[in-house]
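A.B. asks: I'd like to go over a predicted model; first the sequence, then the structure.
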Amino acid sequence: MCAIVGIYGNENAARLASLALFSMQHRGQEATGISACNGTMVTIKKRGLVSDVFKDDVLKALVGNMAIGHNRYSTAGGDSLYDAQPVYAKYKLGEMSIVHNGNLINKDEVRQELIDNGAIFQTGMDTENLVHLIAKSSKDKLKDRIQEALTKTIGAFCFIVQSRSKHFVIRDRYGIRPLSLGKIKSGGYIVASETCAFELVDAEFVRDINPGEMLIFKEGQEEPESIQLFEPEFRPCAFEYVYFARPDSVIDGKTVYSTREKMGKTLAQNDKNSTIKYDMVIPIPDSGVPAALGYAEESGIPFKYGIIRNHYIGRTFIEPTQEMRSLKVKLKLSPMRSLIEGKSLLVIDDSIVRGTTSKRIVKMLKEAGAKEVHFRVASPEIKFPCYYGIDTPDKEELISSSRSVEEVREYIGADSLKYLSIQELKDSIGERNYGLESFDGDYFVKK
């Protein structure tokens, strides 16, 4: 789920990269890093948030007209600083730095083969596999080395590889994770995981990076060179629209906000014959807000902010441990007792993963005096782990993998519980062959 950014051809590259990473903080909160180049590369990465790490004095050390950056959300590797990105290395052709969003499903086999052939790894990240594969190649050009390395790379990936003079941008053949190209008004280009980064750096959206495409940015070239490395088999991740992406982002031509709003309208249509009288529609902030607004508009039931979020607390699902997720719920969300006491609430969230957060929220609302709490989920049941960049590695962690809807309702303590169906999610996002493996178990990327 990480955020990646590349700025090419702008003298304030590192500063613009830091702004882009700040706008994509929701995609990773464990660590952040930037590698800038002005003839030689300087890389700074630390654990923590962008605003804490990249203050003015730090950015002054990152000079040059090109930079790449990364916000970390761990799905491979540990939580140490060694596993933060960008990953930097010196090799035969000079220097390179790499950022990666995604997950390589054949990482263990490739790593073991590299170790058997003498490679020494410094991190636990799958991204480091690419560094070794590039370094071991006998090709004369970095472009060719990258292409050769990618033939041994299976899974979800958006890579930006920075050399001393070029940027190489690659998206996997399935387009699982989003990646977009923009043109900066003050000069140069930006490539970022989400388009929400473009406005902050005053850039205009150009297009999405195509599945299987490589873009090469180099001096003296007005437009980036495009090479189609792989035959596209487009399967973008539906969970980007459900939870990951910021509502103001546009992913592969679809506005995240409007798709979430449509999900809420569909939930309301499913409830139109309900005999239950709901006093208000309440979102779980912030990712549940567009769906709740859609539900309220479709149903005519008043929308209310019955739960207030502390915006100085980050997202709970992307915390690495259950202990931290539980603590964040308490710190993050506060019920409006004066508003909800004695009321029947229709509560909307984007998804239920482990069920523990939903259980705490229902309990919190009832302790604040809610008469009834009816839970609606703007996505289908998550029954299968995702191996393409979402931190749900074990099926046993997913509450819907082993429990019926009624059993989940009983566990979280809600008075009723309904989900979208898989078809309704497809209809909300629009016609396309989406990656729905978390919902239907169709693992379309094979080793």
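C.D. replies: All right, it came through fine. Numbers count the residues shown, from 1 in each chain.
A.B. asks: quick check: residue 233 touching residue 210?
C.D. replies: No: applying Cβ atoms under 8 Å as the test, residue 233 and residue 210 come out as separate, 11.8 Å apart. Where you see a C-beta, it was placed from the backbone N, CA and C, and this is true even at glycine.
A.B. asks: more neighbours: which of those two?
C.D. replies: The residue with more neighbours, out of residue 233 and residue 210, is residue 210; 19 against 14, by other Cβ atoms under 10 Å.
A.B. asks: how much space separates the closest residue in space to residue 279 that isn't next to it in sequence from residue 443?
C.D. replies: The shortest distance from residue 279 to any non-neighbouring residue, by Cβ to Cβ, 6 or more residues apart in numbering, is to residue 343 (4.2 Å). As for residue 343, its distance to residue 443 is 43 Å (criterion: Cβ to Cβ, to the nearest Å).
A.B. asks: now the helix or strand containing residue 134: mean pLDDT?
C.D. replies: Using DSSP states H and E, residue 134 sits within helix 127-136. Computed over helix 127-136, the mean pLDDT rounds to 95.
A.B. asks: which residues touch the following helix or strand past that helix?
C.D. replies: Next helix or strand after helix 127-136 toward the C-terminus (DSSP H and E): helix 142-150. Helix 142-150 is contacted by residues 93, 96, 130, 133-134, 137, 139, 161, 163, 166, 168, 170, 214, 216, 229 when judged by Cβ atoms under 8 Å, 6 or more residues apart in numbering.
A.B. asks: buried set for helix 142-150?
C.D. replies: Using 16 or more other Cβ atoms under 10 Å as the test for burial, helix 142-150 gives 142, 143, 145, 146, 147, 149, 150.
A.B. asks: run the angle between that helix and helix 127-136 for me.
C.D. replies: 130 degrees (axes from the mean of the first three to the mean of the last three Cα atoms, to 10 degrees).
A.B. asks: run the chain-centre distance for helix 142-150.
C.D. replies: Relative to its parent chain, helix 142-150 has a centroid offset of 26 Å by Cα atoms, centre = their mean, to the nearest Å.
A.B. asks: return that helix as PDB; C-alpha atoms alone will do.
C.D. replies: Provided in PDB are the C-alpha atoms of helix 142-150 (Å, rounded to 0.1, in the frame of the first residue of the first chain):
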ATOM      1  CA  LEU A 142      20.700   0.200 -16.800                       C
ATOM      2  CA  LYS A 143      17.500   0.100 -18.900                       C
ATOM      3  CA  ASP A 144      18.400  -3.400 -20.100                       C
ATOM      4  CA  ARG A 145      19.400  -4.600 -16.700                       C
ATOM      5  CA  ILE A 146      16.100  -3.500 -15.300                       C
ATOM      6  CA  GLN A 147      14.200  -5.300 -18.000                       C
ATOM      7  CA  GLU A 148      16.100  -8.400 -17.400                       C
ATOM      8  CA  ALA A 149      15.500  -8.200 -13.600                       C
ATOM      9  CA  LEU A 150      11.800  -7.700 -14.100                       C
END
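A.B. asks: who's more crowded, residue 343 and residue 443?
C.D. replies: Ranked by neighbour count (other Cβ under 10 Å), residue 343 and residue 443 place residue 343 first, with 19 against 15.
A.B. asks: what distance do you get for that one to residue 302?
C.D. replies: Computed as Cβ to Cβ, the residue 343 to residue 302 distance reads 10 Å.
A.B. asks: and if you look at residue 37?
C.D. replies: In terms of Cβ to Cβ, residue 37 sits 54 Å off from residue 302.
A.B. asks: neighbour count for the two, which is higher?
C.D. replies: For residue 37 versus residue 302, the count of surrounding residues by other Cβ under 10 Å is larger for residue 37: 26 against 11.
A.B. asks: give the bridge partners for the more buried one, please.
C.D. replies: Taking DSSP bridges as the rule, residue 37 bridges to residue 41, residue 66.
A.B. asks: now do it, the pLDDT please.
C.D. replies: 97.
A.B. asks: surely it is in contact with residue 62?
C.D. replies: No: between residue 37 and residue 62 there is no contact under Cβ under 8 Å: 9.3 Å.
A.B. asks: which strand is the longest one in this structure?
C.D. replies: strand 94-104 (DSSP state E).
A.B. asks: not counting its neighbours along the chain, what's nearest residue 287?
C.D. replies: Nearest to residue 287 is residue 350, by Cβ to Cβ, 6+ apart, at 4.5 Å.
A.B. asks: and what of residue 185?
C.D. replies: That would be residue 202: by Cβ to Cβ, 6+ apart, it lies 4.9 Å from residue 185.
A.B. asks: list the residues that contact that neighbour.
C.D. replies: 184, 185, 186.
A.B. asks: got it, and residue 388?
C.D. replies: 102, 103, 105, 155, 156, 176, 177, 237, 435, 437, 445.
A.B. asks: low-confidence ranges in the stretch 201-350 of the chain?
C.D. replies: 313-330 (pLDDT under 70).
A.B. asks: quick one, helices of it?
C.D. replies: 239, 256-270, 289-299, 322-332, 337-340 (DSSP state H, counting those that start in this stretch).
A.B. asks: make a markdown table out of the ones you listed and add mean neighbour count.
C.D. replies: Below are those laid out as a markdown table (neighbours: other Cβ atoms under 10 Å):
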| stretch | mean neighbour count |
| --- | --- |
| helix 239 | 27 |
| helix 256-270 | 22 |
| helix 289-299 | 24 |
| helix 322-332 | 14 |
| helix 337-340 | 16 |
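A.B. asks: out of these, flag the one nearest residue 222.
C.D. replies: Between residue 222 and the helices of the stretch 201-350 of the chain, the shortest gap by Cβ to Cβ is with helix 256-270, which sits at 31.1 Å.
A.B. asks: and stretch 272-289, what's buried?
C.D. replies: Neighbour-count burial for stretch 272-289, counted by 16+ other Cβ under 10 Å, picks out 278, 279, 280, 281, 282, 283, 284, 285, 287, 288, 289.
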